[in-house]
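Asker: My questions concern the predicted model and sequence given below.
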Amino acid sequence: MAAAGALAKHEQILVLDPPTDLKFKGPFTDVVTTNLKLRNPSDRKVCFKVKTTAPRRYCVRPNSGIIDPGSSVIVSVMLQPFDYDPNEKSKHKFMVQTTYAPPNISDMEAVWKEAKPDELMDSKLRCVFEMPNENDKLVSKKREMTLHCI
């Protein structure tokens, strides 16, 4: 890969789905889970790890691993319950960091410690919180009212 400058990073090798936004749909009184699919289109094994700016607010499984060539991994991102304020914009972000796996990998921690900055690739995703829309609320309200009338 040709680098534009000395510090230019490699383009992310994994294909992320969704590519830029992790959407969490409320209500947020219980754990809300969204999935992130990581696909490896390359012919080499790729190590990944998922980082967040708000580690206490999320549980991520798996938060790291190795993806075989041509394979995919589904990462579950679980937002812990909280008091939702529609006026508060989420500033939470996630980063998927990747590097090609060395030939004989035994210690994942060592892979990340020994990786040179120019061997790392990353993708950033932002979190979007969505409350169910008014029509959804009306439908469930009608259902509640119907149940109370029976």
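Answerer: In hand now; what should we look at?

Asker: Just checking: what are the partner strands of the longest strand seen in the chain?
Answerer: Criterion DSSP state E: the longest strand present in the chain is strand 121-130. According to DSSP bridges, strand 121-130 forms sheet pairs with strand 21-25 (parallel), strand 93-100 (antiparallel).

Asker: Now those in TSV, please, with extra columns for distance to residue 37, mean neighbour count and mean pLDDT.
Answerer: From N, CA and C alone the C-beta is placed, and that goes for glycine too. Shown next, in TSV, are those (distance: least, CB to CB, whole Å; neighbours: other CB atoms under 10 Å; pLDDT from 0 to 100):
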stretch	distance to residue 37	mean neighbour count	mean pLDDT
strand 21-25	12	16	96
strand 93-100	11	18	96
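
Asker: Residue 131 is nearest to which of those?
Answerer: Closest of those to residue 131 is strand 21-25, at 7.7 Å (criterion: CB to CB).

Asker: How far off centre is whichever helix or strand comes after the closest one?
Answerer: Heading C-terminal from strand 21-25, the first helix or strand you meet, by DSSP states H and E, is strand 32-39. Centroid displacement of strand 32-39 relative to its chain, using CA atoms, centre = their mean, to the nearest Å, is 6 Å.

Asker: what helices or strands is strand 32-39 leaning on?
Answerer: If contacts are counted by 3 or more CB pairs under 8 Å, 6 or more residues apart in numbering; DSSP states H and E, strand 32-39 sits against strand 15-17, strand 21-25, strand 72-79, strand 93-100.

Asker: Would you mark the buried spots in the helix or strand containing residue 60?
Answerer: According to DSSP H and E, residue 60 maps onto strand 58-61. Neighbour-count burial for strand 58-61 flags 58, 60 (criterion: 16 or more other CB atoms under 10 Å).

Asker: tell me what whatever helix or strand comes next after it is packed against?
Answerer: Using DSSP H and E, the helix or strand that follows strand 58-61 in sequence is strand 64-67. Judged by 3+ CB pairs under 8 Å, 6+ apart, strand 64-67 is in contact with strand 46-52.

Asker: can you give me the angle the strand it packs on makes with strand 93-100?
Answerer: On the basis of axes from the mean of the first three to the mean of the last three CA atoms, to 10 degrees, strand 46-52 is oriented at 160 degrees to strand 93-100.
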